[in-house]
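Novice: just coords:
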């Protein structure tokens, strides 16, 4: 989105680039923006903060991870070129800018954001800076009133003769060019009631909106807590937190005082209605499902009532948030189900079709007997008919055992051989395309070589990840090696089952374990060993020892 800033705001933004948190990735972040605003002592935002005793040292004390940082050369003082990430602002600052524009929706377009508008957005966007500012007397409502005062607007009640209906339109104070009396700032962003609506109906619409907003916030917190405390998944927790911040920014378009004025819990006919199913939850999965359903339903209700009550640009944002929630629901559910299905899976062995079916059968029997959890058939030499015959043989040998059978790259052969699933690479079919062929009950794994690919695979609905290559391999050549750092990055961030792969042996497995890897996929270390079953047992023992030490 393209924003327009006053020269003073641009100077503050230029200074903000110099103050970074480690996760900012060269973008302007909330603490940096606060420091940037304070660095312009003549600007209105700095004056408002100084009046409350705020200075740069207090910002740095509140966010100690912020440090001076030289801005990248590509970022000009006026932001003509974005940082390497392709964005000038972090998601929190982006939400603050949107929150500011939501409160200035009736200003002449495009709105030129000044420093006081940036401060207003920070206070209204719902992230941690808003609470910190409110603690120091700079809450969104008082700041909005002060912004109107600074711009010469005088929000006062409209005098109506007794018995008169409200005017059909209530102008936003910023839309007036003279100093004529306007409506109160707190209700200025509310679209006018139609001639068909009574005050009672209008109040009812706001009650429905307010109830949906509360349900959505509560449900989103429940599912975020599940990802955080039950799944222990940093990636999904962060995405759900971003969704919560977006919801807060969207709800900023609905004035809190209006929502509270229309709220009537004591007289709500629905508070006494409940079913027995709502009073009990058999397990965590039911808690998750119920609250995702509650969340999506509430967002749809907010979207529909928002079409009547809110500025026109807000409901489409709610719609997009609803679509994001659908994707997150799948990612959370798939992560949970995969952790259950692959709970015991630690050793994954890749084999080719061998020189004959008999040789393959002997190898597979040995691996199944040793307790290997997953076997993948990967062979680029055999013709399709021969490969299918080998796949059917492998499926027969693993059926009703504790070993899963997956087909490499070929979802069609996975279906024909009745394999447990398929594994695809970054250059093969996508997870979506593979899923369309193998169906919902089959496993779909995907190879990843960077944290961005791993994050994308989670949202794409993959059941597990291949993470590597970790070391140089004798069975497959690679152009680059993300190595142990990548194993560590995935283990720190993602809970979807992930198998480190690439050159792993009993000799270097301790390094993988030290990096956080708890599942490995190997090929030559087992399949090419003199005693494949013995090699597999050695790896299994090392994995079990580490897993037992962790529990």
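Specialist: That came through, no problem. Small disclaimer: the values here were computed from a predicted structure and weren't measured.

Novice: Leaving out sequence neighbours, find the closest residue to residue 442.
Specialist: Using CB to CB, 6 or more residues apart in numbering and skipping residues adjacent in sequence, the residue nearest residue 442 is residue 421, 4.4 Å away. To be clear about C-beta, it is placed using only N, CA and C from the backbone, and glycine gets the same treatment.

Novice: Near residue 395, how many other residues are there?
Specialist: Residue 395 has 18 neighbours, counted by other CB atoms under 10 Å.

Novice: That one should be in a strand, yeah?
Specialist: No. Residue 395: not assigned to a strand; according to DSSP: H, G, I helix; E, B strand; the rest coil it is helix.

Novice: what sits against it?
Specialist: By CB atoms under 8 Å, 6 or more residues apart in numbering, the residues touching residue 395 are 405, 417-419.

Novice: For residue 463, give me the pLDDT.
Specialist: Among the per-residue scores, residue 463 shows a pLDDT of 98.

Novice: Would you agree it is in contact with residue 335?
Specialist: No. Contact criterion CB atoms under 8 Å: residue 463 and residue 335 do not qualify, at 9.1 Å.

Novice: list the residues that contact both of these two?
Specialist: Contacts common to residue 463 and residue 335, judged by CB under 8 Å, 6+ apart, are residue 496.

Novice: Would you quantify the distance from the residue nearest to residue 364 when sequence neighbours are not counted to residue 48?
Specialist: Distances taken as CB to CB, 6+ apart put residue 397 closest to residue 364, at 4.7 Å, once the chain neighbours are dropped. Separation of residue 397 from residue 48 (CB to CB, to the nearest Å) stands at 73 Å.

Novice: now residue 116
Specialist: Residue 116 is 7 Å from residue 48, by CB to CB.

Novice: now residue 29
Specialist: Applying CB to CB to residue 29 and residue 48 gives a distance of 20 Å.

Novice: Contact partners for the most centrally placed residue in the chain?
Specialist: Centroid-nearest residue in the chain: residue 239, 1.7 Å away (criterion: CA atoms, centre = their mean). Counting by CB under 8 Å, 6+ apart, residue 239 touches 328, 331.

Novice: circling back: going by neighbour count, which of the contacts of residue 395 are buried?
Specialist: 405, 417, 419 (16 or more other CB atoms under 10 Å).

Novice: What backbone torsions are found at the first one?
Specialist: Yep, that's residue 405 we're talking about. phi -120, psi 120 (degrees, to the nearest 10).

Novice: so residue 37 sits right up against residue 118, yeah?
Specialist: Yes. Contact criterion CB under 8 Å: residue 37 and residue 118 qualify, at 6.4 Å.

Novice: anything in contact with each of those two?
Specialist: 12, 45.

Novice: where along the stretch 301-450 of the chain do the strands fall?
Specialist: Using DSSP state E, counting those that start in this stretch, the strands assigned to the stretch 301-450 of the chain run over residues 347-351, 374-377, 404-408, 421-424, 443-448.

Novice: Please work out the angle formed by the directions of the third one and strand 443-448.
Specialist: Using axes from the mean of the first three to the mean of the last three CA atoms, to 10 degrees, the inter-axis angle of strand 404-408 relative to strand 443-448 is 50 degrees.

Novice: Could you tell me which other helices and strands strand 404-408 packs against?
Specialist: strand 374-377, helix 384-398, helix 411-417, strand 421-424, strand 443-448 (3 or more CB pairs under 8 Å, 6 or more residues apart in numbering; DSSP states H and E).

Novice: Please compute how far the longest one lies from its chain's middle.
Specialist: Taking the mean C-alpha point of helix 384-398 and that of its whole chain, the gap between them comes to 40 Å (CA atoms, centre = their mean, to the nearest Å).

Novice: follow-up on the earlier one: residue 4: which of the contacts of residue 395 is nearest?
Specialist: When those are ranked by distance to residue 4 (CB to CB), residue 419 comes first, at 56.4 Å.

Novice: Break this structure into its domains for me.
Specialist: By the record's domain assignment, the chain is partitioned as 4-150, 199-266+281-338, 343-550 (automatic domain parsing).

Novice: first to last residue in the shortest one, what's the distance?
Specialist: So that's domain 199-266+281-338. With CA to CA, to the nearest Å as the measure, domain 199-266+281-338 spans 52 Å from end to end.

Novice: Next: the longest one.
Specialist: Between the opening and closing residues of domain 343-550 lies a distance of 14 Å (CA to CA).
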